[in-house]
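J.: no sequence on this one, just coordinates:
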């Protein structure tokens, strides 16, 4: 993804860049693509593509269609299409993506969900709870 000409020309035309010397603090809503080479503290949402460069650091949550991490992310990541952690990339936080690639030399710590639940919350049923089709007060 880094340096590639993507198939989504509309997202590439409006690339937002946080350069190596920049520091951003707050919430950023990006309607196209974002590349972080500097420091970012806060949440990023609605992006098409988010690229965290080798010197980039994000402390906060990310939500985008695709995410590629070559630098560091401390926070949760939700990628609607895919997430890739490149060699030297570091992610500390929970991730949710239908497609995940962690290259050799990358670091990841957190919980991972790869199912496509379309945003619906799932509740785990404990073993003590009855099956939904079985009344709770039935004696076998």
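T.: Received, thanks. Note that the coordinates shown come from a computational prediction; the quantities given were computed from them, not determined experimentally. Numbering: from 1, shown residues only.
J.: alpha carbons only for contacts and neighbour counts from here, please
T.: OK.
J.: Can you verify my assumption that residue 27 contacts residue 40?
T.: No. When contacts are counted by Cα atoms under 8 Å, residue 27 is not listed as touching residue 40 (9.5 Å).
J.: which of the two has more neighbours?
T.: Remark: of residue 27 and residue 40, residue 40 carries more neighbours, 23 against 14, as counted by other Cα atoms under 10 Å.
J.: contacting residues for that one?
T.: Applying Cα atoms under 8 Å, 6 or more residues apart in numbering, we find residue 40 in contact with 23-25, 56-60.
J.: Next up, identify which helix or strand it is on.
T.: Residue 40 is part of strand 39-41 when elements are defined by DSSP states H and E.
J.: Which secondary structure elements does the next helix-or-strand element following that strand sit against?
T.: Towards the C-terminus, the helix or strand next in line after strand 39-41, according to DSSP H and E, is strand 44-52. Contacts defined by 3 or more Cα pairs under 8 Å, 6 or more residues apart in numbering; DSSP states H and E place strand 44-52 against strand 28-29, strand 33-36, strand 62-69.
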